[in-house]
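Q: Let me see the structure of the following:
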Amino acid sequence: MEASWSSDPVVRELRERISAADREVLGAVNRRLELVRELHAYKRERGYPLVDPAREDELVGELEQLNDGPLSSDGLRSLYGLLLDVIKREAGAAAPTRPA
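A: Predicted structure coming up:
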């Protein structure tokens, strides 16, 4: 009887490594969110704008230069577009509410 792909030890080992990488990504995203919330609090105290599109473009450009792949430049831009949108939404959720 042929072994099922789900019980294949190579498949299982690779899935475990992928899950470990996913946990690292989650931890990195949560650390980034904490830092952005800290930055937003500082900016709010001083009346600075919370979003800096030029900085976002600079960040993605820097990451493109550092990217050795296999993630493509298009993939990187797409990933960071989504990440920045989620971070902004999550950081905004922690914003203090102003009295009406």
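Q: Provide a list of residue ranges in the protein with pLDDT below threshold.
A: The chain contains residues with pLDDT under 70 at 1-3, 94-100.
Q: For it, which segments count as helices?
A: Assigned by DSSP state H, the chain shows helices spanning 9-46, 53-66, 73-93.
Q: Dump the ones you listed into CSV; add mean neighbour count as well.
A: C-beta: built from backbone N, CA, C; applies to glycine. What follows is those, written out as CSV (neighbours: other Cβ atoms under 10 Å):
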stretch, mean neighbour count
helix 9-46, 12
helix 53-66, 11
helix 73-93, 13
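Q: and residue 5, what does it touch?
A: By Cβ atoms under 8 Å, 6 or more residues apart in numbering, the contact list for residue 5 reads residue 11.
Q: Number the residues from 133 up from this point.
A: Done: numbering now begins at 133, and the last item shifts to residue 137.
Q: What distance do you get for residue 203 to residue 136?
A: For residue 203, the distance to residue 136 under the criterion Cβ to Cβ, to the nearest Å works out to 31 Å.
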